[in-house]
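Engineer: I would like the atomic coordinates for the input below:
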Amino acid sequence: MYRKEERSPVTPENFELPIGTKLSEENRWVIMSELIPWDDFEEEYAKNFSDNMGAPALSFRMALGSLIIKENNRITDRETVEQIKENPYLQYFIGLRAYSFEAPFDASMLVHFRQRISPNLVNKVNEEMVKRGRENIEKPEDNSESQSEEIGERKNKGKLILDATCAPADIKYPTDLDILNQARKAVEIIIDILYFTLRRKLNRKPRTYRKNTRKEYLKIAKKRRISHQERRESIKKQLQYIKRNLSHVERLIKKGANLDKLNKRQQTSLSVIKKIYEQQKEMWKKKTKSVSQRIVSITQPHIRPIVRGKARNEQNLELNFPSVVLIIMSFYIAIKF
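Structural biologist: Below is the predicted model of the structure:
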């Protein structure tokens, strides 16, 4: 049953608060603030500023704390500042000594915070947090527990979280013809560099017929509808072009071409292209669309496509190495609750 009560509206200045109100030590932001080593990395953060020039910068705790709040709540820069202005726990988390009705900084400052706090510094903070968290977990609560650990009867502690999801990769949709075309162009650049080191010894440069091979590729790639036979013929030609170019590379190496002229990415690409050629040749001969450990990107050969079922259940995503983000820190703290 609901009974409507006639009450006069309460104004903000008349809203009653408990006398002597204090922050709760069990709040997640209070606990997280104790685990983050703010003072240990203050000097490294201070290296971004001059000793004599410019206005005094905001503290490292305020910079890192505001970024953690933003990533943990997945909100915009403006919303981050608004929540800090409204929440005393967030103001304590970023290092303020007393609650203030005013925003501690403008939303545009978060852009500068992200520029000054490098991923390397975030990694160091993460490692120190994990170290402190393990030390807190491994501390014995009483003497009986410490004695049981000495005997070998150790109790299980904490929670184990396994993440088996995939992450999207920023690559072009992989097709056999397109990957072979990229491999062909990459080998042509390598041939140019290797020939330049032997231009005085060789009479002429190895022929790659790159204009003709490009025309052959565009002839098929620009078509809206490609028949199965046309696709197979085009893939066959691209395989032949790559085979010829790789043989040129081998001959240049035997004649004394300096591989040190290639940068690290080009040296890696050369071995990747050889693997792509073998895989695509095997798929073409067997008339299949898949092969074990299939490479779908020359620049990111570690990526593997994984089919995740229908769209309403899971999306089709590619496996990618996770990048370092600030949310890792808050995610670690969430494990403890």
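Engineer: From the contact counts, what lies against the strand or helix carrying Glu278?
Structural biologist: According to DSSP states H and E, Glu278 maps onto helix 264-286. If contacts are counted by 3 or more C-beta pairs under 8 Å, 6 or more residues apart in numbering; DSSP states H and E, helix 264-286 sits against helix 176-197, helix 228-254. Quick note: C-beta positions are derived from backbone N, CA and C, even for glycine.
Engineer: What strands line up against the very next helix or strand once past it, and which way round?
Structural biologist: The helix or strand immediately downstream of helix 264-286 is strand 305-306, counting by DSSP H and E. Strand pairing for strand 305-306, determined by DSSP bridges: strand 317-318 (antiparallel).
Engineer: Highest mean neighbour count out of the helices and strands packed on helix 264-286?
Structural biologist: helix 176-197 (a mean of 19; mean count of other C-beta atoms under 10 Å).
Engineer: Give me the contact list for the following helix or strand past that helix.
Structural biologist: Using DSSP H and E, the helix or strand that follows helix 176-197 in sequence is helix 210-221. Defining contact as C-beta atoms under 8 Å, 6 or more residues apart in numbering, one finds that helix 210-221 is touched by 177-178, 181, 184-185, 188, 226, 230-231, 234, 237-238, 241.
Engineer: tell me which of those is nearest to Arg97?
Structural biologist: The closest of the contacts of helix 210-221 to Arg97 turns out to be Asp178 (C-beta to C-beta; 59.3 Å).
Engineer: Identify the residue nearest the closest one in space, chain neighbours excluded?
Structural biologist: Lys172 (7.0 Å; C-beta to C-beta, 6 or more residues apart in numbering).
Engineer: okay, and the helix or strand of the chain with the least pLDDT?
Structural biologist: The weakest-scoring helix or strand in the chain, judged by mean pLDDT, DSSP states H and E, is strand 317-318 (a mean of 38).
Engineer: Show the pLDDT at Leu90.
Structural biologist: With respect to pLDDT, Leu90 scores 92.
Engineer: and what of Asp170?
Structural biologist: 75.
Engineer: Which member of the contacts of helix 210-221 is positioned nearest Ser297?
Structural biologist: Asp178 (10.5 Å).
Engineer: Tell me how far the residue nearest to Asp178 lies from Ile189.
Structural biologist: Per C-beta to C-beta, to the nearest Å, Lys172 is found 19 Å from Ile189.
Engineer: Then Arg199?
Structural biologist: Using C-beta to C-beta, Arg199 is found at 16 Å from Ile189.
Engineer: quick one: low-confidence parts of the stretch 1-150 of the chain?
Structural biologist: For the stretch 1-150 of the chain, the stretches with pLDDT under 70 are 1-8, 10-19, 136-150.
Engineer: the helices in it, which residues?
Structural biologist: With DSSP state H, counting those that start in this stretch as the criterion, the stretch 1-150 of the chain has helices at 28-35, 42-46, 60-73, 77-86, 88-93, 109-116, 119-138, 143-151.
Engineer: Among those helices, which comes closest to Lys205?
Structural biologist: When the helices of the stretch 1-150 of the chain are compared for distance to Lys205 using C-beta to C-beta, the nearest one is helix 119-138, at 42.8 Å.
Engineer: hang on, the earlier thing: now the helices and strands packed on helix 264-286 in TSV, please, with extra columns for mean pLDDT and distance to Arg214.
Structural biologist: Listed next are the helices and strands packed on helix 264-286 as TSV, based on pLDDT from 0 to 100; distance: least, C-beta to C-beta, whole Å:
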stretch	mean pLDDT	distance to Arg214
helix 176-197	91	8
helix 228-254	92	10
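Engineer: Make JSON lines out of these and add distance to Phe113.
Structural biologist: Converted to JSON lines, these look like this (distance: least, C-beta to C-beta, whole Å):
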{"stretch": "helix 176-197", "distance to Phe113": "38"}
{"stretch": "helix 228-254", "distance to Phe113": "47"}
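Engineer: now for those, which one comes closest to Arg116?
Structural biologist: The nearest among these, by C-beta to C-beta, is helix 176-197 at 37.1 Å.
Engineer: Alpha carbons only: can I get that closest one in PDB?
Structural biologist: The C-alpha trace of helix 176-197 is given here as PDB (Å, rounded to 0.1, in the frame of the first residue of the first chain):
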ATOM      1  CA  ASP A 176      44.100 -14.200 -50.700                       C
ATOM      2  CA  LEU A 177      44.500 -12.000 -53.700                       C
ATOM      3  CA  ASP A 178      45.000  -8.800 -51.700                       C
ATOM      4  CA  ILE A 179      47.600 -10.500 -49.400                       C
ATOM      5  CA  LEU A 180      49.600 -11.800 -52.300                       C
ATOM      6  CA  ASN A 181      49.500  -8.400 -54.000                       C
ATOM      7  CA  GLN A 182      50.900  -6.800 -50.800                       C
ATOM      8  CA  ALA A 183      53.600  -9.500 -50.500                       C
ATOM      9  CA  ARG A 184      54.600  -8.900 -54.100                       C
ATOM     10  CA  LYS A 185      55.000  -5.100 -53.600                       C
ATOM     11  CA  ALA A 186      57.000  -5.700 -50.400                       C
ATOM     12  CA  VAL A 187      59.400  -8.000 -52.200                       C
ATOM     13  CA  GLU A 188      59.800  -5.500 -55.000                       C
ATOM     14  CA  ILE A 189      60.900  -2.800 -52.500                       C
ATOM     15  CA  ILE A 190      63.400  -5.300 -51.000                       C
ATOM     16  CA  ILE A 191      64.800  -6.000 -54.400                       C
ATOM     17  CA  ASP A 192      65.400  -2.300 -55.000                       C
ATOM     18  CA  ILE A 193      67.300  -1.900 -51.700                       C
ATOM     19  CA  LEU A 194      69.400  -5.000 -52.200                       C
ATOM     20  CA  TYR A 195      70.300  -4.100 -55.800                       C
ATOM     21  CA  PHE A 196      71.400  -0.600 -54.700                       C
ATOM     22  CA  THR A 197      74.200  -2.200 -52.700                       C
END
